[in-house]
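Student: need a structure here:
(one chain, ligands or ions: 1)
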Amino acid sequence: MTLEANAKINLTLEVLGTRPDGYHELRSVVMPISLADTLEVSATDDGVISSDSPYPDDLCVKAAKALARRAPAPRRGARISVVKRIPPGGGLGGGSADAAAVLRALNELWELDLPRAALCEVATEVGSDVPSLVHGGCVLMQGRGEIVRDFGEYADFPLVIVNPGVFSSTKEVFAKCTSPVHEDAGIVYNMHSALQSREIGRIAAACVNDLALAACALHPEICKVMEELRRAGVENPAMSGSGSTVFGLVQGVAQGREICALMEAKGWKAWCVHSSVR
Ligand code: C5P
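Tutor: Residues are numbered from 1 along each chain as shown. I've put the predicted structure just below:
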């Protein structure tokens, strides 16, 4: 089975405090984007779960093993092959998107027929970003990442995403984040009405990321990307997840391509993409 695993951006990401389990309590509006990895997943009957991923902390195998534990059967195996386009360690949920695609594919190939809620439970074991990507579409993610609900369907909008090529460790960024515990439901409502308005300027202005300061302190290159995007005319560029990727909303594909060329001239990777729903 061939399937696309779309990356995500966090339009908003609030860190509300620490949890007894050592994780952080989050509230985040997560939006899928058109940048995607392509996966080839097949079921085998040799009992072996394997992936051709070059990354040591491959979430595809972790996801397949978590699903196999949920519905054990002898000799159930899987072969997974990934064409990577989403930069790893970039805050775009690349590894998590691949894992979510594996869960969806094997749920079908292994004929488990688990409902989405059960698949999201398995996803939580794999990583905090995986449940929202299994759910799909624009979602509000809460808790550690395990509480996911639909955030509505909106018109696609174009954006540029720029990756400075530094690997930002989620663990390190969270450890450095000193965001105060706060309750500001206004941030989510603001994003909701901005998305409904379809006004690029309003959506851009509603973007928030409580992890940006910590990530910029660890990787000053992220700040440079934001500065250069602003200089190129992007309003309120924002970081996705724990970085290092920065995104900026643009008026159209032509402006997006021009900005990508400017960013690539600085030695960074840049893509002109669009937000996508399901
Ligand atoms: O769940 P995941 O493996 O993606 O998380 C990576 C690291 O990010 C965790 O070990 C934790 O340090 C941090 N994290 C957190 N709070 C969250 C999600 C992740 O502190 N809600």
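Student: residues of stretch 204-220 that come out buried?
Tutor: Neighbour-count burial for stretch 204-220 flags 204, 206-216, 218-219 (criterion: 16 or more other Cβ atoms under 10 Å). Every C-beta, even on glycine, is put in place using the N, C-alpha and C of the backbone.
Student: Tell me the one of those nearest the ligand?
Tutor: The closest of those to the ligand turns out to be Leu211 (Cβ to the nearest ligand atom; 9.8 Å).
Student: Wait, the closest one touches Val15, no?
Tutor: Yes: counting by Cβ atoms under 8 Å, Leu211 touches Val15, with 6.6 Å between them.
Student: And the strands in the stretch 151-278 of the chain?
Tutor: 158-163, 208-209, 238-239, 246-249, 269-274 (DSSP state E, counting those that start in this stretch).
Student: Which neighbouring elements make contact with the second one?
Tutor: If you count contacts as 3 or more Cβ pairs under 8 Å, 6 or more residues apart in numbering; DSSP states H and E, strand 208-209 packs onto strand 2-18, strand 238-239.
Student: do the same with the first one
Tutor: For strand 158-163, the packing partners by 3+ Cβ pairs under 8 Å, 6+ apart come out as strand 24-44, helix 220-231, strand 246-249, helix 253-265, strand 269-274.
Student: helices or strands up against the last one?
Tutor: Pointing back at strand 269-274 there. For strand 269-274, the elements it packs on are strand 24-44, strand 158-163, helix 253-265, judged by 3+ Cβ pairs under 8 Å, 6+ apart.
Student: So which bits of it are buried?
Tutor: 270-273.
Student: The residues you listed into a markdown table, with extra columns for pLDDT and distance to Ile200?
Tutor: Shown next, in a markdown table, are the buried residues of strand 269-274 (pLDDT from 0 to 100; distance: Cβ to Cβ, whole Å):
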| residue | pLDDT | distance to Ile200 |
| --- | --- | --- |
| Ala270 | 98 | 18 |
| Trp271 | 98 | 17 |
| Cys272 | 98 | 14 |
| Val273 | 97 | 14 |
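Student: Fine by me, we can end here.
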